[in-house]
Every structure is written in structure tokens, then in C-alpha cells.
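**Q** Show me the folded form of this:
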Amino acid sequence: MTDETSRERSERGRTDGTTLLKVSATVAIILAITAVAVALIFRFVDEERERDMLNWQARLGIVADSRAAAVEAWVADSAAVLKNLAENDALRLYLTRIKLGDQQANAPDSPEVGFLTSLIAVTAERTGFALPPVGANVPASVPRVGVAGLALLDSEFRPLIATANFPPVESAQQAFLRNLGPGKAGFIDMYVAPSGRPTVGFVEPIYAVQEDPTPDHQIGMVFGLKPVDEALFPLLKQPGATERTAEAVLVREAGGVIEYLSPLRDGTPALKRKMASNTPHLAAAAAIKQPGGFGVYRDYAGNDVLATSRPIKGTPWTLMYKVDRKEALGDSEMRLQRLLVILLLAVAFMLAALFALWRHGASQRAAAAARRFQELAERFEHQRNFLRVVTDSQPNAIFIADERNVYRFANAVAAAGAGGDKEALLGKTLANVLGPDRARPYERLNRQALEEGKQVSNIHRYRAADGERVLQSEHIPIKATPDMPGGVLVVEEDVTTAVTERERRAKTLRDLVGTLMTVVDQRDPNAAHHSTRVALVARAIAEEMGLDATMADTAEFAGTLMNLGKILVPSEILTRKGGLTDAEIRQVRDSIQATADLLQDVHFDGPVVETLRQCQERWDGSGRPRGLSGEAILLPARIVAVANAFVAMVEPRAHRAGIDFDAAAKLLLDGVGTAYDRRVVAALLNHLDNRGGRQAWAEFSRAAPAA
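**A** Numbering: from 1, shown residues only. Next comes the predicted model:
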């Protein structure tokens, strides 16, 4: 009765735990759905905001392209005026005569001077290079300041012919002309002229008539000055623009300072506003640094603006077009905020409705869950009893441990091995029943099976009262189901007899192989210990490459047995001090294939016989007997080939001394890709240099003592 009460309490505890888990899962799902919905709402709003930004980027870009094109056209047209004058044949002839010293041509009343004076004056009037001087036209001694004009300069920059009221060539302009160099057109950047007006200049070289346009033939230049306030700055205004805060501004950078070249919307005149180029988030600085870019910055007044820019070809100017962010995105932001509030309220309403529906059905679900649990508990008890009947008839130990390595089931054999009763094991940990040391391998393998989600096999030994025992265990992860708790199913078999027999047979085989090779060494004293050393090196290479025990044994056995076929070679050939004939050499070489033939019917755990047949193959396919190449050659055969070559190189013979390890390593590396596999050679060299191979195999290079 007590046991039944305890079991019922346990079952009720499990029911409560399951119910709590379901409630938690439901709440987690609802919260997850809510989080996803809110995230999607914010993502939608962000995408709408990005779409508005892209629209404004396109709108500002169109205007910036239009205004930049207008400014570039104005600059190009102004420069073209000077270029057309410089290519005028009469003008070139006149300057050529002056260059040659014809004083008559330079006389003020000469026809040439009159013609060119008229030509320059008409050109200046038509193209905006002729403007009235600054100052009142009164009969007084107050000079009037010229603001624009065209002039012909000789090679020393002296004016020869100029328009009326042409301003004097200042020292800064003369320095620009000297630094410009011969044969080059120039652009004088915007500056404040003595007239107080922002002005630019243009220079075009003139070449002697009937001469090539090269710097050596330059005889003068056309020089023009032109204010920009009346003709250029109006081009910055976009026709039809409706944005109140939209503004196109010309800017440039000089010495870490941003200069605003054009008048600003706040009333600042041209060339009167300067700001440091490292001012944080300054729109003009970003425009110069990344022409063509777009973003949200701050303008000269500290307002947040959307801005884009375009470089002006042929000048150091950048055109920046901007609009206040509040004007551009204000309505859009209000619309998106309203949409965000509406969507969030909708999510909240749906969440409340879901919670109400879930709360309404919670009591009904709890009652149904209790009934189902009672049925499942009865089914589980019946199945556990059936499982005990089936597993108790098995000779192997079988038990189930949960994720905490607590016994959940054990058959009679497992209970007997643990030294307890089946029922007494349940609810106890492996460490409590078996002891920490013996339980540790089970815990590690159970954890591995659960983490990898697949069956894990293992063979381990432990000291029992009747001697050492060898156990093979299979650890199978099982998922929790309504009928079975989750955990790991462990099936353990005592394989002591089988393992002991296999080890005995392996020892017998090794002893037999050693005996055979002793016979071979006695018949071929010149190669005594060669097979043993090849086997030793082959085993070391295989382990260095991480091969499993079977393949490592295969390489070692093949290395040990490779010279067994020499028992078929006459002893006088093996012991002869002099040279051998081609037929005798072929007979010795073929002895390895003879070894494979002798061992054809002997059973080995690995492909020892096929390894012997392939160990004379070469990586490039030039070996024998089948011409195999690359990966088609068994890996143990490639290992034996390298080990055999290495031992043969370093071992002394009757007719020669062995080479040192470094020389042998070089020869092996030279053979990589033709005779040997690179990975095998690398494994051998790593064992030599990093695993103590040089010290362990030092005796290989010592000559065998005389018989």
C-alpha cells in the first residue's frame, strides 16, 4: 500500500511537471509569436522609411545632376570663348609678328591692332566677359575698378590688347600664369576681385601660325576674367522646385577648411562662410569626400538635412543639393508612426484574444491530460514488465540511463553485474552503484551518444575478481516518448574469450612472421634486419597519419614479410659481392611479388597480400606490376614503399656506406609526385624531426658486425 501511494505521488508530480511544462511552452510560443509580429511590424516600418529615403535620393539626384550640368556647361562655354579666340588665324598671325620683332604690327594705329581690338570687344560683349566698371562715372579723380574682360598676353604675361576697363593682372594671377607652364589651358578658381564680386578666370595658350600646338611654339595666351554672381549663381536654382528649404550650394575644400562659394539661403554672401572640414556630420564635408553620395547630415546652420552631391568637371568645386529632413520626411514620419501604433495595438488585441481563448480551455485540457496520463502510466508499467521478461532471458547486460546517468531500467544480468537488485537500482546514479572509476567510461560514452544522436560502440577492460574482463558495449540514444522516458540504452557483452583468442592468434602470427624473416636474414646477410626495420618505419608512418589499428598492422606485416620471397632466390645471388646480371637483378626485384604469391592463401585481418603486390607501384603510374597511380594504390602500399626506400638509403651495404638521414630526406622529397605520395613522406619527416625518430633509428646507419 505504501509503495502504491509513493508511486501515485510520483505520478502526480510528473503530471504537475508536465502541465507546468505545457503551460510554459504555450506562454513561450505566444511570446515568440508576439515578438515575431512586433519585429515584422518594425521591419515593415523601417522598409517604408528606407523606401522614402530612396525616393528622396532619386529626387535630389535628378536636381543635382541638372544643376551640375548647367554649371559645367557655363564653365565649358566660358573656356570655349577663349579657345576660339586662341585659334583665330588673324590673332595668331599678329602675335607671331610681335614675337618676331615686327614693331609695326604693335603700333596702336595699325590695322591689326584695330581689328583684334574690335574682335575681342565684340566677343566679350557677346559672351559676358564685358561688364561696366564699379564706381560712379563722375568727373573726379576717383578711379573706376574693372570687373571683367578679355586680354591678349605675350609670353611674358604683358597685356598687348585688352577690352576696355580690363582689370589689372594682379600678382596672384601672375604667379598662377607662371606656375601653369607652357602649352596648358588654365582655370583660375573663384576669388573676391577688387571690385568685391566673386570672379573666375580662364587661360588658353596661343601657338605660332603654321606651327604645331606644342609648348615650344606657344607665343602668348588669351586671358579672361568673369564675375559669376549674375550669370553662374542663378543656375543653382532649380526651376519648378517646391521645397521651401531646398538649396544648391557650390563648395570646395582648402587647407582643412570648407568654403561655401555661392550665396546661402540664410543670407550669407558668396565666399563668406567657412567651416572646418572635420566638423562632425557636416553635409558639405561629406559632399566633397564622397561626391555622388547621399545621406542624412547637418548643414552650416546645424539643421538635419538630406543631401547629395556632384563634382563639377574642370573645377575644384562640388555642387551639394540639400533639403531639410523635417520638410522632406515630416509627413512620412507622422504617417509611419500612426501606422506603427495601429499595428502594435492590433497585435496587443490579438494577444489578449489568444490568452483569453487559452485560459478558457485550460481547465478542460488539464482534466483531459490527467486522464491521458493515467492511461499512459498504466501502459508504461505493462511495457516495462514486458521488457523485463524479454531482456531477462538475454545473456547480455541491458540497462537504460537517463541524461543524468540515473538508472531507469535494468535486466537481471545488468543488476547482477552491478551487485544489486533490479528494483533497487532504479533512481540511483551509475556512480553510486558501480563506483566513480567504473562508471566514468559509461558516463562519457552516454554523453557522446546523446550529443551526436547516434549509436556509439566501445571495448574496454576492467579488473574483476576472477581476472581481467573485456566488455563490448553499445550505447544507443533513445528519445522520450509517451510510453518510454528518454535516455541511453546500453547493451553490454562480455567478449573476454573472443578477444583473448584473437590476441593469441595475432601473437602466434607475429611469432611465425618473425621466424620466417630470421630464415630470410640468414640467407641474405647483406640485408639483415632490413625487413624488421622497414616494418618499424612503416608502423611509425601509419600511426603518424592516424590510420586505424587494422591498416597500421597491414603496413607493419607487409614491411616485415616483403623479403620472404627471397627464399626462392639462390643464396649465391644474395651473397655475391660483385655485380649481378640483369636477369639476376630482375629475379631479386620480383621476389616481393613472389612473397605475395606465397602468402596468397594466408588469412590476415587487413589487405596484407594486396599491399605486397602494390608496394613496387609508383605515384606517377610508372611502377610495377600493374602501373597503378595516385590514390589507386593502397595507402599501406604507399607507406611500405617510402619505408623500404628510406631504410635502403640509410643502411650500409657491403659495397657502399649508408647515407645520413638529411640526405635520405632530400632524396625522398625529390621523389614526391613521381615515386612517392607527398603525405606519406611528410609523415615520415615529421616523425623523424618531432617524434624522436632520429634518435630511435640511429642504429640503422651502423654496419652489421662481421659474421
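
**Q** Spatially nearest residue to residue 418, not counting backbone neighbours?
**A** With C-beta to C-beta, 6 or more residues apart in numbering as the criterion, residue 418 has its nearest non-adjacent residue at 4.9 Å, and that residue is residue 433. Yep, even glycine has a C-beta here, placed from its N, CA and C like the rest.

**Q** which stretch of helix or strand covers that neighbour?
**A** Element membership for residue 433, per DSSP states H and E: helix 430-434.

**Q** just residue 150 next, same as before
**A** strand 149-154.

**Q** Quick check: what element follows that strand along the chain?
**A** Next helix or strand after strand 149-154 toward the C-terminus (DSSP H and E): strand 159-162.

**Q** Under the pLDDT cut-off, which ranges of the stretch 601-707 of the chain? List them.
**A** Along the stretch 601-707 of the chain, segments meeting pLDDT under 70 span 654-655, 703-707.

**Q** cutoff 90 now
**A** The stretch 601-707 of the chain contains residues with pLDDT under 90 at 601-605, 651-658, 699-707.

**Q** And for the stretch 301-450 of the chain?
**A** 327-450.

**Q** what are the ranges of the helices in it?
**A** Under the criterion DSSP state H, counting those that start in this stretch, helices of the stretch 301-450 of the chain are mapped to 325-392, 412-418, 422-425, 430-434, 436-452.

**Q** would you put the C-alpha positions of stretch 286-304 in PDB?
**A** Output in PDB follows, covering the C-alpha atoms of stretch 286-304 (Å, rounded to 0.1, in the frame of the first residue of the first chain):
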ATOM      1  CA  ALA A 286      30.600  64.600 -46.800                       C
ATOM      2  CA  ALA A 287      29.700  66.000 -50.200                       C
ATOM      3  CA  ILE A 288      33.400  66.700 -51.000                       C
ATOM      4  CA  LYS A 289      34.700  63.500 -49.600                       C
ATOM      5  CA  GLN A 290      32.100  61.300 -51.300                       C
ATOM      6  CA  PRO A 291      30.800  63.100 -54.400                       C
ATOM      7  CA  GLY A 292      27.700  61.300 -55.700                       C
ATOM      8  CA  GLY A 293      26.800  60.000 -52.200                       C
ATOM      9  CA  PHE A 294      23.600  60.500 -50.300                       C
ATOM     10  CA  GLY A 295      22.800  60.600 -46.600                       C
ATOM     11  CA  VAL A 296      21.500  62.500 -43.600                       C
ATOM     12  CA  TYR A 297      23.900  65.100 -42.400                       C
ATOM     13  CA  ARG A 298      23.900  68.600 -40.800                       C
ATOM     14  CA  ASP A 299      24.200  71.800 -42.800                       C
ATOM     15  CA  TYR A 300      26.000  75.000 -42.000                       C
ATOM     16  CA  ALA A 301      23.200  76.100 -39.700                       C
ATOM     17  CA  GLY A 302      23.100  72.800 -37.700                       C
ATOM     18  CA  ASN A 303      19.900  71.600 -39.300                       C
ATOM     19  CA  ASP A 304      19.500  67.900 -40.200                       C
END
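
**Q** Quick check: buried residues in it?
**A** For stretch 286-304, burial by neighbour count (16 or more other C-beta atoms under 10 Å) applies to 286-288, 291, 294, 296-300, 304.

**Q** Kindly list the longest strand within the protein.
**A** The residue-count maximum for a strand in the chain (DSSP state E) belongs to strand 467-478.

**Q** quick one on the thing from earlier: just checking the distance from the helix holding residue 433 to the centre of its chain.
**A** Centroid displacement of helix 430-434 relative to its chain, using C-alpha atoms, centre = their mean, to the nearest Å, is 49 Å.

**Q** now do stretch 425-435
**A** Its chain's C-alpha centre lies 49 Å from the corresponding centre of stretch 425-435 when counted by C-alpha atoms, centre = their mean.

**Q** residues making contact with it?
**A** Contacts of stretch 425-435 with the rest of the structure, by C-beta atoms under 8 Å, 6 or more residues apart in numbering, involve 399, 401, 404-410, 414-415, 418-420, 439-440, 442-443.

**Q** where do the strands sit along the stretch 151-300 of the chain?
**A** Applying DSSP state E, counting those that start in this stretch to the stretch 151-300 of the chain gives strands spanning 159-162, 186-192, 198-207, 218-227, 247-254, 257-260, 273-276, 294-298.

**Q** Name the residues of the first one that are buried.
**A** Neighbour-count burial for strand 159-162, with 16+ other C-beta under 10 Å as criterion, is recorded at 160-162.

**Q** now the fourth one
**A** Neighbour-count burial for strand 218-227 flags 218-227 (criterion: 16+ other C-beta under 10 Å).

**Q** Next, give me the two most distant ones among those.
**A** Spatial extent of these (C-beta to C-beta) is set by the pair 219 and 227 at 28.9 Å.

**Q** Would you work out how far apart the start and end of stretch 403-415 are?
**A** Taking C-alpha to C-alpha, to the nearest Å, the first and last residues of stretch 403-415 lie 20 Å apart.

**Q** Other residues contacting that stretch?
**A** Residues from elsewhere that reach stretch 403-415, judged by C-beta under 8 Å, 6+ apart: 384, 387-388, 391-392, 394-402, 418, 421-422, 424-431, 433, 439, 442-443, 446, 450, 485-487, 492.

**Q** So in the chain, which helix runs the longest?
**A** Longest helix of the chain, by residue count under DSSP state H: helix 2-86.

**Q** quick one on the thing from earlier: give me the number of residues near the residue nearest to residue 418?
**A** 21 (other C-beta atoms under 10 Å).
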